[in-house]
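S.K.: from the sequence below, what's the structure:
(2 chains)
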Amino acid sequence: MEDSKQPILSVKNLGTSFFLREGEVKAVDGVSFSLNKGEVLALVGESGSGKTVTALSILRLIAWPPGKIVSGDVNLDGVDVFKLPMKEMRNIRGKGIAMILQEPMSSLNPSQTIGRQIQEAVEINQGLTGEAAKKAAIDMLGVVRIPSPEKRYYNYPHELSGGMKQRIMIAIALACRPKVLIADEPTCSLDVTIQAQILKLMQALRKEIDTTILFITSDLGIVAEMADRVAMMYAGQLIEILDVFTLFESPAHPYTKGIMGSIMAMKEGGRLNIIEGDPPNLLHLPSGCHFHPRCEFCQDICKTQEPAYTDLDGDGKHWVRCHFPIKSKLK
Amino acid sequence: MGMSKYIAQRLLFTLFVVLGISILIFFITHIVGNPVDIMLPLQATDAERLALTQALGLDRPILEQLWTFLSDFAVGDFGMSWWQNRPCMEVIMDRLPISMWLILLASIISVVCAIPLGIVAAYRPGSALDRVVTIFSTAGICFPPFWIGLMLMLIFAVKLGWLPTSGMGTWKHLVLPAVTISFRPMGHLAQIVRFEMIQQLNALYAVTARAKGVTEMSLLFKHALKNIMTASLTMIGNDYCKQLGGLSAAVEVVFGFAGFGHLISETIENMDFPLLQAEVFFVAIIVCLINLLTDILYAAFDPRIRY
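M.R.: Predicted structure coming up:
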């Protein structure tokens, strides 16, 4: 799964579980991927597949109880994140990895001005204080295209619209000057026109400030616009990693192919191809390959043995976790 | 709407509440029984009874009585206390201010102790420290105040001799009763602070703050503390009103403190209806004003609240 270049963030065998009364829920199970400097990796999967938990785990923001990181390593630019004492995590959070949460409505402190909240990120991560920090915060408002930033600095979150709040979230994350930016479905709770604005903004910013982005989404349209590479998640596991062109051309995992197939069918105006069945209950995962009960290519081995990662083309670019990866192209 | 307009509106509203309470007091005292039976000895003659009935105006139509009652209240005439034989207003003014100070001191003690206790408990829910705080705050709510008062008196007045056992006069006389009264509000407030703080620390904005590198300490004090203030203020104001409305009586009695709570209990013992009416009237006004004060203070802590 490694590229030849030295990755800026690499996650190896990450496992995070929630220990509930009913049993252990493996929300993230053996997830490995890496991000190269300047690239955008989209982490894609349906809700409940473990995308957000993966992101929070990287920042060690899983609250115990009930959640706990049970395995894995995260390496950020040479620093072994999981081996750091908790006190030093604040050097990773923010200037190492910053995160945009998916709920702009409730992700800002309601009793603090937005300017103050951006300024706090500036003060902690850029080492500025006083007027300089305030000026930097106002500049950040300009960067995320908030009109009349000097005035808006003094606004409280409830005085802004959802789209504006998401811009503030982006401003806070960027004010940290992070090496890696994690954007967790930054547009999912916004209406469609605002979604488009935020995406446009993120694309523009990507060019301006050349950050590495882990973009979490369940929207394949966004994947096509934003991502260089794609990591597909299913039931807490990464099932396929591939570049975005391959995703739309020849995905190899039956689940990925099923999803892409349904989009293609929609475009052609035909009947919607669906993946039969429901996503699995994480408390009672199917044996073997977790996808096997819904898979049209399921064989006996799929029911008993978990598949290992296969390097499909031998060049380390397309990995798939399937006993019988599909070789043919999408129609 | 401007703040001053809001306050004016609320004061007007307070007037209506007080009017309603007054009418309620009037009818309740009429339901409770005939004051003539209470005021006169059992062997009183019918002539004596009739004379008193007429003197008190109880033979007039009920609505006329209500009107007289309300118009007297409106000009601050609360009548004479049967028991003390002097104007009710005077009796209350002797006893109310000192109790307001006593309970204010108790509130300050409870706030100063409860907020740190609640925060410490919320910082690591389920920890040993959290359990200690929970036990302490529950005990503060459950233990009868007169018992706490007696124990404190035993330790700090009798054994150690630091403070007077009872009576009034110096600031030293306020300490033990105030500490005793503070236990229940402290317990309430510590539990509210703990609960609210846990909510705040699990809120999404806390994830945002941590993700930008904010330490747990600044998360607690720079972000969360302000957000728990509305709930805390509600509790503080509520407990103040309850104590002033008579809860402090037991403690005042234990410490021989001639305060308002003590007065209320004496008034009931003596079945002094005019005085009781006046006391209820004053409590109603104070409760309304304290509610108004908490509502105004909300706006200082929560920018979403604007009047």
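S.K.: what about residue 225, how many residues nearby?
M.R.: Looking at chain A here, since you left the chain open. 17 (other CB atoms under 10 Å in any protein chain shown). Any C-beta I mention is one placed from the backbone N, CA and C, and that applies to glycine too.
S.K.: that answer is for a different chain, and I need it for chain B
M.R.: Neighbourhood size, residue B:225 [other CB under 10 Å]: 19.
S.K.: check residue B:171 too.
M.R.: 8.
S.K.: again with the one 10 residues further on
M.R.: Neighbour count of residue B:181, defined by other CB under 10 Å: 30.
S.K.: sticking with it, tell me its helix or strand.
M.R.: In this assignment (DSSP states H and E), residue B:181 forms part of helix B:172-201.
S.K.: which element is residue B:12 on?
M.R.: Using DSSP H and E, residue B:12 sits within helix B:3-32.
S.K.: in contact with the residue nearest the centre of chain A, which residues?
M.R.: Nearest residue to the geometric centre of chain A (CA atoms, centre = their mean): residue A:216, 2.7 Å. Counting by CB atoms under 8 Å, 6 or more residues apart in numbering or on different chains, residue A:216 touches A:42-43, A:51-52, A:54-55, A:102, A:182-185.
S.K.: ok so, going back, and after the helix holding residue B:12, which helix or strand comes next?
M.R.: With elements assigned by DSSP H and E, the helix or strand that comes after helix B:3-32 is helix B:35-39.
S.K.: up against chain B, what does the stretch 1-150 of chain A have?
M.R.: Contact residues (CB under 8 Å from any CB of the partner chain) of the stretch 1-150 of chain A with chain B: A:56, A:59, A:61, A:63, A:65, A:90-91, A:93-95, A:98-99, A:101, A:103, A:106-112, A:117, A:120-121, A:124-125.
S.K.: give me the subset of those lying in strands.
M.R.: Among these, DSSP state E puts A:98-99 in strands.
S.K.: now the buried members of the residues of the stretch 1-150 of chain A next to chain B.
M.R.: By neighbour count, with 16 or more other CB atoms under 10 Å in any protein chain shown, these hold A:56, A:59, A:61, A:90, A:93-95, A:98-99, A:101, A:103, A:106-109, A:111-112, A:117, A:120-121, A:124-125 as buried.
S.K.: find me the pLDDT at whatever residue of chain A ends up closest to chain B, would you?
M.R.: The nearest approach of chain A to chain B comes at residue A:94, 3.1 Å away (CB to the nearest CB). According to the predicted model, the pLDDT of residue A:94 comes to 88.
S.K.: next one: residue A:3
M.R.: pLDDT at residue A:3 comes out at 45.
S.K.: next one: phi and psi at residue A:33?
M.R.: The phi/psi pair for residue A:33 (degrees, to the nearest 10) reads phi -160, psi 170.
S.K.: what of residue B:203?
M.R.: Per-residue torsions, residue B:203: phi -70, psi 160 (degrees, to the nearest 10).
S.K.: same check, this time on residue B:157
M.R.: phi -100, psi -50.
S.K.: ok, residue A:77 next?
M.R.: Residue A:77 adopts backbone torsions of phi 50, psi 50, taken as degrees, to the nearest 10.
S.K.: hang on, isn't it packed against residue A:179?
M.R.: Yes: the pair residue A:77 and residue A:179 passes the contact test of CB atoms under 8 Å, sitting 5.8 Å apart.
S.K.: any shared contact partners between the two?
M.R.: Residues touching both residue A:77 and residue A:179 (CB under 8 Å, 6+ apart): A:8-9, A:96.
S.K.: tell me which of the residues you listed is nearest to residue B:134?
M.R.: Nearest to residue B:134 among these: residue A:96, at 37.3 Å, using CB to CB.
S.K.: look up the closest residue to that closest one, ignoring the ones flanking it.
M.R.: Of all residues not flanking residue A:96 in the chain, residue A:76 sits nearest, at 5.2 Å (CB to CB, 6 or more residues apart in numbering or on different chains).
S.K.: burial measure for the one you found, as a count.
M.R.: Residue A:76 has 21 neighbours, counted by other CB under 10 Å.
S.K.: show me what contacts it?
M.R.: Contacts for residue A:76 (CB under 8 Å, 6+ apart) come out as A:8-9, A:92, A:96-97, A:179-180.
S.K.: got it, and residue A:141?
M.R.: By CB under 8 Å, 6+ apart, residue A:141 lies in contact with A:114-115, A:118, A:149, A:152-153, A:168, A:171.
S.K.: in the residues you listed, which residue is surrounded by the most others?
M.R.: Neighbour counts for the contacts of residue A:141 (other CB under 10 Å) peak at residue A:118, which has 30 neighbours.
S.K.: low-confidence ranges, the chain, go.
M.R.: Went with chain A since none was named. A:1-5, A:269-270, A:331 (pLDDT under 70).
S.K.: ah, I was thinking of chain B
M.R.: In the predicted model, chain B carries pLDDT under 70 at residues B:1.
S.K.: neighbours of the residue of it found nearest chain A, how many?
M.R.: Chain A sits closest to residue B:213 of chain B, with a gap of 3.1 Å, by CB to the nearest CB. Counted by other CB under 10 Å, the residues lying close to residue B:213 total 23.
S.K.: list the contacts for it?
M.R.: The contact partners of residue B:213, taken as CB under 8 Å, 6+ apart, are A:90-91, A:93-95, A:121, A:124-125, A:176.
S.K.: now intersect these with the helices, please.
M.R.: Residues of those located in helices (DSSP state H): A:90-91, A:121, A:124-125.
S.K.: and those residues as a markdown table, adding distance to residue B:35?
M.R.: Formatted as a markdown table, those follow (distance: CB to CB, whole Å):
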| residue | distance to residue B:35 |
| --- | --- |
| A:90 | 71 |
| A:91 | 77 |
| A:121 | 70 |
| A:124 | 71 |
| A:125 | 75 |
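S.K.: roughly how far does the residue located most distally from the centre of chain A sit from residue A:153?
M.R.: Here chain A reaches farthest from its C-alpha mean at residue A:131, the gap being 34.4 Å by CA atoms, centre = their mean. Counting by CB to CB, to the nearest Å, the separation of residue A:131 from residue A:153 is 12 Å.
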